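Chemist: Task: produce atomic coordinates for the following.
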Amino acid sequence: MTKAHVVALVAASVTAGLFGSVSIAEAEPPRTVSLVDTLPSAGSATTFSVFGSGGRGVSRRQFVGPRFVLSVRTTLTEIGGYLNNCETIVAGNPQCPETKPLVVEIRPAKDGAPDPDVLLASFELSHDNDPLTVSYESASPHLELSPGTYFALFGPQQDQDVGFLLGSASIPFSFTPSTIILGNIAPDRVLVDEVPAAVRILGRTVAVCDPALAVRGCWHFDEPAGTTTATDSSTFANHGTYLGGVTLGVPGVFDTAVSLDGVNDVVRVPDANSLDVGDTFSAEGWIKRSSTASTHSLMNKGNLGLQLVVTNAGSRNRVFLRKANVSTIAQSSVGVPADGKYHHVVATKNGAGPGTAKIYVDGVDVTVPVSPAQIVQNTAFPLSFGSGSSTRADFDEFALYDRALTPAEVTARFTRVSAALRR
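Modeler: Modelled structure (predicted):
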């Protein structure tokens, strides 16, 4: 038996529901979204016999897969399809030795079709290694994409591998997936078509700091383990570097967070003009402390610049806003405990003078002025999150703004996240 490998394309038009396009306000918390899902009702655990199944052919000369549309920044968390990777079966015997797992390529759309000249990323799929079944094979890419139209194209890693993306099956039951838009890249053509195909693409919308708040940097710390870049989702792209062997993937306020060991772990953002917020700014972050034995440094822009710390038990765990290496500008009247929970810390400054510096803990103004006349300066030092000579703490959702947030804005940001934490 030779399985038909029909040249065709896989597409996923993403509107609400089956083809879900992501459309939320930029200031909303992240949420899991289904971009494309045409799997059987039993989900990805179902397997089909290769006999009586057919679909769109995939080969080294033909990559095929669904279209998907993003209207906000989204991290792809799962991409998969019902696939088989064996070219021929003779008298019930597979003729496909030493196959390798298929891959999925992420490409932007160009003129409505996959762009053959731009490959954004490629991921190896899981592999059942059973040529007589058609099963769900997937990858967990954790790939962050900007709004736009894209294609996820399936294909093999080596020339001798040929397979198909499921378009119909009859064993153990009759199944025809919904019709979606498929893209196809072949040496002599780039096409799109609407055909049945069993695929799934899931994502999680990225928590984007509201640009109306004059954000200069927004770090979510939600990268997977092994990542070295702390991505800034603001338009200024002030990306940082994870140093010292930080632990990524710990539970965060939305998705995941970064854990710093207090010994040599730090997140460092290179100096940039966009970080020169001077004496008018807001610094924001969420911290979960493991201990109050040591002070935790949230933000530090170096000598004479912005410094925000949560002190140790000897200083009653209070939050200090400081002009680094000079003096404390303001402190909090309450402390941040090590109670196994995340706490929201915000410091704002609106120039020098009485009433210009504010500290908020969990959405409440708890300011005690100390030296409000101190003027925080721009520096050429990097912006650092965390420091040595401390204890472990988890950081999440840090941001730096070029203006002083109002009390209502701070409370709204705390309420928005704390509501997500209670879900």
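
Chemist: alpha carbons only for contacts and neighbour counts from here, please
Modeler: OK.

Chemist: Which residue ranges make up the domains of this protein?
Modeler: Using automatic domain parsing, the domain parsing of the chain gives 17-205, 211-421.

Chemist: looking at these, which has the lowest confidence?
Modeler: In terms of mean pLDDT, the lowest-scoring of these is domain 17-205 (a mean of 87).

Chemist: Now do Thr406 against Pro101, distance only.
Modeler: 53 Å (CA to CA, to the nearest Å).

Chemist: Over to Gln374?
Modeler: Gln374 is 61 Å from Pro101, where distance means CA to CA.

Chemist: Ala237 too?
Modeler: From Ala237 to Pro101 the distance is 35 Å (CA to CA).

Chemist: ok, how many other residues are close to Asp210?
Modeler: By the criterion of other CA atoms under 10 Å, Asp210 has 14 neighbours.

Chemist: actually Val118, not the one I wrote
Modeler: Val118, neighbours per other CA under 10 Å, totals 12.

Chemist: Same question for Glu78.
Modeler: 17.

Chemist: so it is in which element?
Modeler: When elements are assigned from DSSP states H and E, Glu78 belongs to strand 74-84.

Chemist: from the middle of its chain, how far away would that strand be?
Modeler: Its chain's C-alpha centre and that of strand 74-84 lie 15 Å apart, by CA atoms, centre = their mean, to the nearest Å.

Chemist: What is that strand packed up against?
Modeler: Applying 3 or more CA pairs under 8 Å, 6 or more residues apart in numbering; DSSP states H and E, we find strand 74-84 packed against strand 133-139, strand 143-145, strand 163-168, strand 199-205.

Chemist: now those in TSV, with mean neighbour count and distance to Ala352?
Modeler: Listed next are these as TSV, based on neighbours: other CA atoms under 10 Å; distance: least, CA to CA, whole Å:
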stretch	mean neighbour count	distance to Ala352
strand 133-139	23	53
strand 143-145	18	40
strand 163-168	26	64
strand 199-205	24	38
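
Chemist: Reformat these as JSON lines; add distance to Phe48.
Modeler: Listed next are those as JSON lines, based on distance: least, CA to CA, whole Å:
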{"stretch": "strand 133-139", "distance to Phe48": "5"}
{"stretch": "strand 143-145", "distance to Phe48": "29"}
{"stretch": "strand 163-168", "distance to Phe48": "9"}
{"stretch": "strand 199-205", "distance to Phe48": "14"}
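
Chemist: for these, which one sits closest to Gly217?
Modeler: strand 143-145 (16.8 Å; CA to CA).

Chemist: Show me what Leu76 is bridged to.
Modeler: Assessed by DSSP bridges, Leu76 has beta-bridge partners Leu143, Gly203.

Chemist: Just the element for Leu181, please.
Modeler: Careful, residue 181 is Ile; it's not Leu. strand 179-186.

Chemist: what about the helices in this structure?
Modeler: 407-421 (DSSP state H).

Chemist: what's the closest non-adjacent residue to the residue most central in space within it?
Modeler: Nearest residue to the geometric centre of the chain (CA atoms, centre = their mean): Thr75, 4.1 Å. In space, and not counting its chain neighbours, Thr75 is closest to Glu144: 4.0 Å by CA to CA, 6 or more residues apart in numbering.

Chemist: check contacts around that neighbour.
Modeler: Glu144 sits next to Arg73, Thr74, Thr75, Leu76, Val206 when contact means CA atoms under 8 Å, 6 or more residues apart in numbering.

Chemist: Swap in 7 Å and give it another go.
Modeler: Arg73, Thr74, Thr75, Leu76 (CA atoms under 7 Å, 6 or more residues apart in numbering).

Chemist: Could you check how far it is from Ser332?
Modeler: For Glu144, the distance to Ser332 - CA to CA - is 37 Å.

Chemist: Equivalent analysis for Ser168, please.
Modeler: Ser168 is 64 Å from Ser332, by CA to CA.

Chemist: re earlier: so between Thr406 and Pro101, which is more surrounded?
Modeler: Higher neighbour count among Thr406 and Pro101: Pro101, with 19 against 13, using other CA under 10 Å.

Chemist: Counting neighbours, what do you get for Leu39?
Modeler: Leu39, neighbours per other CA under 10 Å, totals 23.

Chemist: let me redo that: Ala225
Modeler: Ala225, neighbours per other CA under 10 Å, totals 12.

Chemist: That one and Thr256: what is the separation?
Modeler: 10 Å.
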